[in-house]
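**Student:** Following is a predicted model, sequence given first.
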Amino acid sequence: MNDFEFTRRNLPHLYFNEGVYFITFRIAGRLPYKLIQELKITSHKFEDIPFEEFRKHFLLYDDYLDKNEYSKVNLTVSAIAKIISECILYPDGKEYNLICFTIMPTHVHLAFELLRGNKGISKIMQSIKGISSRKVNQVLNRTGKFWQDESYDRWIRNDIELYYVIRYILENPVKANLVKSWDDWRYSFCKKEFIIL
């Protein structure tokens, strides 16, 4: 696993050409700038951030997204959730092996393992977000930017970390008080071999 790309815009990104990734993407412009600045990871060695530090930071960020205070669009409207699900499922078996995902009212969590010869996470996410944005905007009879440019991503380093990520993704609707049990949430998907709850 020698090939990797490190980029930094507002968030740092560490992309390898293989491995398992946890991705979160959200509706554009739905968090106040001041809050985004408070949540920013400032480490210059992002690839060295221990999982526990990443987890604490991410939980703060996700709590704000779960509150759904900043959005006029709800991703769990049936027609919108269907579009997003199809766009996530389409690359499964072509670019990645999908592990699981959940669609929340303002954001989406997913985990996947990259396949050999994939086109890279940037292009994969650009495709998912671009196609779903076009289709969702048609459903909503609107134009313009739909998704936030950057996604929040994490390269999963081991099976223990993967266990916690899968659990987090599936339990997010429960944590947000949307359902009592993860399997009651209509907008989640997990391959049988990864169901751990």
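**Tutor:** Yes, it's here.

**Student:** CA atoms for contacts and neighbours, from now on please.
**Tutor:** OK.

**Student:** Tell me where the protein has helices.
**Tutor:** Counting by DSSP state H, the chain has helices at residues 33-39, 51-67, 78-89, 121-139, 159-175.

**Student:** Stretch 104-119: end-to-end distance?
**Tutor:** By CA to CA, to the nearest Å, the extent of stretch 104-119 from end to end equals 27 Å.

**Student:** er, stretch 135-153 I mean
**Tutor:** Note: stretch 135-153 ends 24 Å apart using CA to CA.

**Student:** can you start the count at 494 instead of 1 from here on
**Tutor:** Understood, numbering begins at 494; the last thing we discussed is stretch 628-646.

**Student:** Quick check: buried residues in that stretch?
**Tutor:** 628-629, 639-640, 642-644, 646 (16 or more other CA atoms under 10 Å).

**Student:** what is the mean pLDDT for it?
**Tutor:** For stretch 628-646, mean pLDDT rounds to 91.

**Student:** ok, now stretch 521-535?
**Tutor:** Mean predicted confidence for stretch 521-535 is 60.

**Student:** ok, now stretch 601-609?
**Tutor:** 96.

**Student:** Roughly how far does residue 648 sit from residue 619?
**Tutor:** 18 Å.

**Student:** Between those two, point out the one with more neighbours.
**Tutor:** The neighbour comparison of residue 648 against residue 619 (other CA atoms under 10 Å) goes to residue 648, with 20 against 15.

**Student:** Let me know whether that one touches residue 514 as I believe.
**Tutor:** Yes - counting by CA atoms under 8 Å, residue 648 does reach residue 514; the two are 4.7 Å apart.

**Student:** Look up how far residue 661 lies from residue 603.
**Tutor:** Distance from residue 603 to residue 661, by CA to CA: 10 Å.

**Student:** In terms of neighbours, single out the busier of the two.
**Tutor:** Higher neighbour count among residue 603 and residue 661: residue 603, with 24 against 16, using other CA under 10 Å.

**Student:** for this protein, what are the low-confidence residue spans?
**Tutor:** The chain contains residues with pLDDT under 70 at 494-510, 523-564, 690.

**Student:** rerun that using 50 as the cut-off
**Tutor:** Within the chain, the ranges that satisfy pLDDT under 50 run 494-506, 535-539.

**Student:** Report how many residues lie close to residue 609.
**Tutor:** Residue 609 has 12 nearby residues by other CA under 10 Å.

**Student:** err, residue 597, not the other one
**Tutor:** Neighbourhood size, residue 597 [other CA under 10 Å]: 24.
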